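Engineer: output the structure for:
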Amino acid sequence: MIENLRTYLKNKQERNNVLIARDFNLVTNEQNRLPPHPDDPRLVDSWTAIENRNDLIDRWRLTYENERQFTYSQNNSLGRIDRIYTTRNLLKSYLEWTIESNCGISDHQIVTVKIIKQNMPHIRKGLWKLNKEIIK
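Structural biologist: Predicted coordinates:
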């Protein structure tokens, strides 16, 4: 998986607009696993190198720096192995990073993000409410 991503990103011409969402089957720090324990350092180092080289951000972790929430459980172990990464220049286009209940359809929780079109004009909350009332 890591080698495939490395090759894909290396060959991608526009590397500033990337979103990667998947089950990584590894955690990059012990805060993402309970009970805490590290994954294979070779895998973690390899993924961290890809993150750094391609300026990828785990925005959920950036937003919820000290929170512990998990996407997968097995026996007595929990892990946040399902993640969404994006490049730094796209961070303003993504809002509301969440981990949602799977409603019984999977053994993984669902990671979500709202995507907005780049360069959309900023409409304050009050104007949105006003427009919503006019439409009624």
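
Engineer: which residues touch the helix ranked longest in the chain?
Structural biologist: Scanning the chain for the helix with the most residues, using DSSP state H, yields helix 41-53. Helix 41-53 is contacted from outside by 2, 5, 6, 9, 24, 26, 27, 28, 38, 56, 58, 85, using Cβ atoms under 8 Å, 6 or more residues apart in numbering. Just so you know, the C-beta spots here come from the backbone N, C-alpha and C atoms, and that holds for glycine as well.

Engineer: so which of those belong to helices?
Structural biologist: Using DSSP H, those in helices are 2, 5, 6, 9.

Engineer: neighbours around the nearest residue to the second one once chain neighbours are set aside, how many?
Structural biologist: It refers to residue 5. Excluding its sequence neighbours, the residue lying closest to residue 5 (Cβ to Cβ, 6 or more residues apart in numbering) is residue 50, at 6.1 Å. Residue 50 sits with 19 neighbouring residues when counted by other Cβ atoms under 10 Å.

Engineer: on that earlier part again, now, among the ones in helices among the contacts of helix 41-53, which is nearest to residue 77?
Structural biologist: residue 2 (21.5 Å; Cβ to Cβ).
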